[in-house]
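>>> One predicted model, sequence on top.
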Amino acid sequence: MAANLFHMLDLLEVAAEPNRRRLLQLLARGEQTVTQLSAAFPVSRSAISQHLLLLAEAGLVTARKDGRNRLYRLEEGGMSRLRRVIDQFWTTELDQLVDDAAHFHQQTLQGDSDGLR
């Protein structure tokens, strides 16, 4: 389980970086080359390539060769894993928030009843 948790955290970290998050948004429109993607950023094409490489290593994008170009697209399986990780994260966090609120409420009620004695 611990190995899976570390993998999940890596997915979140990779996808959370603003440039990579924007790349995922752009690729949601369909396949694109590094040159096409780079046009949307103030950083070099080489920097975009590095971000794409990290996204590919995380399993969030794939690339295919078309002549001299590499066309990138979202990897459906990786994006599904990312969605599950995000859903689990929020479910766990919201459950903890509800538990904390209930505990706080119970303490408040006990404090009120203690003051009435």
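Happy to help now that I have it.
>>> Not counting sequence-adjacent ones, nearest residue to residue 70?
Spatial nearest neighbour of residue 70, excluding adjacent residues (C-beta to C-beta, 6 or more residues apart in numbering): residue 63 at 4.6 Å. All C-beta atoms are positioned from the backbone trio N, CA, C, and that covers glycine.
>>> which residues pair with the one you found across the strands?
residue 72 (DSSP bridges).
>>> who touches it in this structure?
For residue 63, the contact set (C-beta atoms under 8 Å, 6 or more residues apart in numbering) comprises 52, 56, 70-73.
>>> ok, now with 10 Å
31, 33-34, 52-53, 55-56, 69-73, 75 (C-beta atoms under 10 Å, 6 or more residues apart in numbering).
>>> Which strands and helices lie in contact with the longest helix belonging to the chain?
Using DSSP state H, we find that the single longest helix of the chain is helix 76-115. Under the contact criterion of 3 or more C-beta pairs under 10 Å, 6 or more residues apart in numbering; DSSP states H and E, helix 76-115 touches helix 2-16, helix 18-27, strand 61-66.
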